[in-house]
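K.L.:
here's a sequence, model it:
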Amino acid sequence: MSEKPVVRLVAIDDDAAVLELVATILQDDEIEVFCATDPEAGLDLVARKRPQIVILDLQMPRMSGMEVLERILASNPSTDVLLMTGHYSSESAVEAIQKGACDYLNKPVSTDRLRARIGKLAEDARRVQSALELDHALVEAYRFEGMIGRSPQMLEVYTRVRRIAPHFRTALVTGATGTGKELVAKSLHQLNPAASGPFVVCNCSAIVETLIESELFGHVKGAFTGATRDKAGVFEYAHRGTVFLDEIGEMPLAAQAKLLRVLQDHEVQRVGSPAVRPVDVRVVAATHRNLTAMVAQGAFREDLFYRLSMVEIKVPSLSERSEDIPLLERHFLEQFAGRYGKPVATLTRRARAVLARHSWPGNVRELENVIGHACMMAQGSTIDLNDLPEHFAHPDGATIARDEEFVPLQEAERRYALRVLERAKGNKAQAAEILQISRATLYRLLADQKDAGSRASV
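P.N.:
Numbers count the residues shown, from 1 in each chain. All right, here's what the predicted structure looks like:
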């Protein structure tokens, strides 16, 4: 039979006899009791011990119980604070409850009543602690090669990865931005016989169009201005390993043709050299774009598409797997609490409710950023509304974001590109860098915007 989790209680009262009585009453109830006769010393105890329960006298010298209550709950809203006073009034009782006290008792309190009330709060605290331990166990149970989820959609992804990984030479991973496509690519590599080889990432949208062939396939000295030495490309560097081509939809057509040759012949030709070099690589390509539509528009090679999509894994958006949000919250909470060296253990109910209502257009990456921000801002062991980013704490600021969720993806991309360009004061190179796309892609988005404007004026 497992031991009960330890519950810590801090009692703050300027009457030492009351503190002695509290300690005596609770000494056999598996509760650690810490006492202070001074409000400041009590607040210091609360900060150091992080108790689940606080017993607090309402009237004390130098600082009132109400002020102490507010300061305790400001740093840790999940603490159960029990106020006691020898001068009861219904007005102060209502005020205390409104400010977050869990109960308000009138002195003298019978030992049986106090023991029963604290016993109930302690049991609730143990239940919360056990739930946190269970959450941690669930995260570990549903962790797969760095991915976390127990929804049917994610379990299907795990199954496909297990089946595909030992055998694939090329694979296509599709899904919206921020869904975790790179984690899927890494899992394919880790479960492949080439796992001992390198895993090399190439973000096709972040490379200037004139240099993408050099980055992928390498170049020889003198091949172009600035080529002062021979350089191996991504494919040579990943020999006997895996190349991850992120945002393959941004790759220019000329580079697509060369990529197809590499996939077919398993050899590369450096820019400026007639020599071919054999390479043994697995290739995982990823995109958030509709490649089928791009093929129909002539923006993506049909033969390359069929070569890549022989094996395809679709990663679901976070809104399609909302039952995974609590697991991901727990995972990121533990990750960032450890990284920042903070005792953050959980979120308040209202913080969880706000996150549960959000539609997560940025998917898992957005959730990770939100929890990371909240952990950085949190001062106690609990994340509350004020620790969340501004647009969560003030829902009115999220109205535009909610409205934009219902426009077509291309239109949303255009609007966002224009906002970034405006912030960059018209500097297209800087805007492309912020967006992590090539300037050619930015020009295409802006051209689409002009076309849309022309159509609207007809």
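K.L.:
which of the helices and strands in this protein ranks last by mean pLDDT?
P.N.:
helix 399-404 (a mean of 39; mean pLDDT, DSSP states H and E).
K.L.:
test my guess that A227 contacts V220.
P.N.:
Yes - using CB atoms under 8 Å, A227 is in contact with V220, at 7.1 Å. C-beta: built from backbone N, CA, C; applies to glycine.
K.L.:
what do those two both touch?
P.N.:
Common contacts of A227 and V220 (CB atoms under 8 Å, 6 or more residues apart in numbering): 271-272.
K.L.:
need the pLDDT of V200.
P.N.:
pLDDT recorded at V200 is 95.
K.L.:
and it, what helix or strand is that in?
P.N.:
Assigned by DSSP states H and E, V200 belongs to strand 199-203.
K.L.:
partner strands of that strand, with direction?
P.N.:
strand 241-246 (parallel) (DSSP bridges).
K.L.:
now what about the following helix or strand past the strand it pairs with, what contacts it?
P.N.:
Scanning forward in sequence from strand 241-246 by DSSP H and E, the next helix or strand is helix 253-265. By CB under 8 Å, 6+ apart, the residues outside helix 253-265 that reach it are 169-170, 212-213, 216-217, 235, 245, 251, 267-269, 276, 279, 283, 299-301, 303-304, 307-308.
K.L.:
the same query, at a cut-off of 10 Å, please.
P.N.:
Defining contact as CB atoms under 10 Å, 6 or more residues apart in numbering, one finds that helix 253-265 is touched by 169-170, 204, 207, 209, 212-213, 215-217, 233, 235, 243, 245, 248, 251-252, 267-269, 271, 276, 278-279, 281, 283, 285, 298-301, 303-305, 307-308.
K.L.:
okay, and which of the residues you listed map to helices?
P.N.:
212-213, 215-217, 235, 303-305, 307-308 (DSSP state H).
K.L.:
quick one: buried ones out of these?
P.N.:
Buried residues within those, defined by neighbour count using 16 or more other CB atoms under 10 Å: 212-213, 215-217, 235, 304-305, 307-308.
K.L.:
rebuild those as CSV, extending it with pLDDT.
P.N.:
CSV is the format used below for those (pLDDT from 0 to 100):
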residue, pLDDT
I212, 88
E213, 87
E215, 88
L216, 91
F217, 90
F235, 94
L304, 95
F305, 96
R307, 94
L308, 94
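K.L.:
distance to E133 added to those residues, as TSV?
P.N.:
Below are those laid out as TSV (distance: CB to CB, whole Å):
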residue	distance to E133
I212	49
E213	53
E215	47
L216	48
F217	51
F235	47
L304	49
F305	48
R307	48
L308	44
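K.L.:
farthest-separated two in those?
P.N.:
E215 and F305 (21.5 Å; CB to CB).
K.L.:
which of the buried ones among the ones in helices among the contacts of helix 253-265 sits closest to R339?
P.N.:
E215 (31.4 Å).
K.L.:
so what's the closest one up against?
P.N.:
Listed by CB under 10 Å, 6+ apart, the contact set of E215 reads 202-204, 206-208, 231, 233-235, 255, 271.
K.L.:
quick one: secondary structure of V109?
P.N.:
With DSSP: H, G, I helix; E, B strand; the rest coil as the basis, V109 sits in coil.
K.L.:
what about it, neighbour count?
P.N.:
For V109, the neighbour count with other CB atoms under 10 Å is 18.
K.L.:
thinking again about what came up before, let me know the closest of the ones in helices among the contacts of helix 253-265 to G149.
P.N.:
For these, the nearest to G149 is L308 (24.8 Å; CB to CB).
K.L.:
average pLDDT across the helix or strand that contains T441?
P.N.:
Assigned by DSSP H and E, T441 belongs to helix 439-457. When pLDDT is averaged over helix 439-457, the result is 56.
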